[in-house]
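Visitor: Can you look at this prediction? I've put the sequence above it.
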Amino acid sequence: MRIKDGFLLREIGDRTVVVPVGAKTLDFRCIMTLNESGALLWRSLQQDTDQSALAAILLAEYEVDEAKAAADAASFVATLREKGLLDE
């Protein structure tokens, strides 16, 4: 899975946001704000990856156990799916 074309990650002040570009501005009419771990996962999803790889990235970057990393990765992926931001 990966992030669909037409969405960019941008730093605006002290916030990291996802913004639609091009034709996606007609379908996605909001800006999504990401925390540090969300931005890390988003960047990872700019190339083909899977949910277990996302959990491994969280494990490597943060002091969390495997269960927490897996749950956080699953929650992030579920949110992106709900918003229609993933190509799978």
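Guide: That came through, no problem.
Visitor: Going by C-alpha atoms from here, please, whenever you check contacts or count neighbours.
Guide: OK.
Visitor: give me the beta-bridge partners of Leu8?
Guide: Counting by DSSP bridges, Leu8 is bridged to Val19.
Visitor: if I look at it, how far off is Arg81?
Guide: Distance, Leu8 to Arg81, by Cα to Cα, to the nearest Å: 16 Å.
Visitor: is it true that Pro20 touches Gly6?
Guide: Yes: between Pro20 and Gly6 there is a contact at 5.7 Å, judged by Cα atoms under 8 Å.
Visitor: In terms of neighbours, single out the busier of the two.
Guide: Pro20 (19 against 14; other Cα atoms under 10 Å).
Visitor: Which residues lie in contact with the residue nearest to the more buried one when sequence neighbours are not counted in this structure?
Guide: Setting aside the residues directly before and after it, Pro20 is nearest to Phe7 in space (Cα to Cα, 6 or more residues apart in numbering), at 4.5 Å. Phe7 is in contact with 18-21, 24, counting by Cα atoms under 8 Å, 6 or more residues apart in numbering.
Visitor: Next: Met32.
Guide: The contact partners of Met32, taken as Cα under 8 Å, 6+ apart, are 17-19.
Visitor: now, which of the residues you listed sits nearest Ser37?
Guide: Lowest distance from Ser37 to the contacts of Met32 (Cα to Cα) belongs to Val17, with 12.5 Å.
Visitor: Name all residues that make contact with Gly38.
Guide: Phe76.
Visitor: Look up how far Arg2 lies from it.
Guide: Gly38 is 14 Å from Arg2, by Cα to Cα.
Visitor: Please apply the same query to Val21.
Guide: Noted for Val21: a distance of 17 Å to Arg2, by Cα to Cα.
Visitor: And those two? Which one has more around it.
Guide: Using other Cα under 10 Å as the criterion, Val21 and Arg2 rank with Arg2 on top: 17 against 13.
Visitor: was I right about the more buried one contacting Arg43?
Guide: No: counting by Cα under 8 Å, Arg2 stays clear of Arg43, with 9.7 Å between them.
Visitor: remind me, longest helix of this structure?
Guide: In the chain, with assignment by DSSP state H, the single longest helix is helix 66-82.
Visitor: Buried residues of that helix, list them for me.
Guide: Buried residues in helix 66-82, defined by neighbour count with 16 or more other Cα atoms under 10 Å: 69-70, 72-74, 76-77.
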